[in-house]
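*Asks:* my questions concern the predicted model and sequence given below.
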Amino acid sequence: MGVEEHKKYSGDVGVVRCAILVISDTKTFDTDTSGKLAQEVLEKDGNEVKLRSIIRNDVEVVRKEISVLLSENIDLIVTIGGTGISKKDLSIEAVREFLDKELDGFGELFRSMSVKEIGTAAIMSRALLGTSNGKVILCIPGSTAAVRLATTAPSARPGWHRGHQGVCHPR
């Protein structure tokens, strides 16, 4: 499908059912500003956030939660956090094994835009966008600035539509 076809199908998609997983060993629901911001942006756009939870930064916990969500009535899974370079930050590795398609350009674009805000430290920013079983999965860093960039910057913000056979396609 070419760019023009994607644009044609990317009009009003109706309500996108979303799940937000904040991956952190330190955040609580009260201190989670990043997950709250993601929820506010998604709901402002008319989407339905069916779940927002905080889970441990543990690769097995992340895998289990993603596996469960892939069997749920969810269109978009957003993971926030666990994308750094420490030994424990394995969100992207945990999610990647579920993907049917990975859209490498999202991570590249995210880092390119991050350079304008944080300079060359952006090289340590890891972000991922892909599809799995007809669902879109987005993994972004845990800072509020990263969430704001990924969810509100027009050129970084992924859009979704239901394409052929119910599969979600980023636009």
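*Replies:* Great, that's in hand.

*Asks:* what pLDDT does the most centrally placed residue in the chain get?
*Replies:* Centroid check for the chain by C-alpha atoms, centre = their mean gives L138 as the closest residue, at 2.1 Å. Predicted confidence (pLDDT) at L138: the value is 95.

*Asks:* kindly report the same for K8.
*Replies:* 56.

*Asks:* follow-up on the earlier one: helix/strand/coil for the residue nearest to the centre of the chain?
*Replies:* Taken by DSSP: H, G, I helix; E, B strand; the rest coil, the conformation at L138 corresponds to strand.

*Asks:* who's in contact with the closest residue to it other than its chain neighbours?
*Replies:* Nearest non-adjacent residue to L138, counting by C-beta to C-beta, 6 or more residues apart in numbering: V78, 4.9 Å away. Every residue, glycine included, has its C-beta placed from N, CA and C. Taking C-beta atoms under 8 Å, 6 or more residues apart in numbering as the criterion, V78 is in contact with C18, A19, I20, L21, A38, L42, I137, L138, C139, I140.

*Asks:* G82 too?
*Replies:* G82 makes contacts with I23, S24, N57, V62, K88, D89, L90, S91, I92, G142, as judged by C-beta under 8 Å, 6+ apart.

*Asks:* same deal with S24?
*Replies:* D32, I54, I55, R56, N57, G81, G82, G142.

*Asks:* just want the phi and psi numbers for it.
*Replies:* Main-chain torsions, S24, degrees, to the nearest 10: phi -160, psi 150.

*Asks:* same question, the one 10 residues further on
*Replies:* Dihedral angles phi and psi of S34 (degrees, to the nearest 10) take the values phi -70, psi -50.

*Asks:* kindly report the same for K88.
*Replies:* Dihedral angles phi and psi of K88 (degrees, to the nearest 10) take the values phi -80, psi -20.

*Asks:* which ones are touching it?
*Replies:* Contacts for K88 were tallied using C-beta under 8 Å, 6+ apart; they are N57, D58, G82.

*Asks:* turn those residues into JSON lines, columns for distance to F110, pLDDT and secondary structure.
*Replies:* Supplementary listing: the contacts of K88 in JSON lines, determined by distance: C-beta to C-beta, whole Å; pLDDT from 0 to 100; DSSP: H, G, I helix; E, B strand; the rest coil:
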{"residue": "N57", "distance to F110": "20", "pLDDT": "95", "secondary structure": "coil"}
{"residue": "D58", "distance to F110": "24", "pLDDT": "95", "secondary structure": "coil"}
{"residue": "G82", "distance to F110": "15", "pLDDT": "94", "secondary structure": "coil"}
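
*Asks:* residue ranges with poor pLDDT in the chain?
*Replies:* Within the chain, the segments meeting pLDDT under 70 span 1-13, 153-171.
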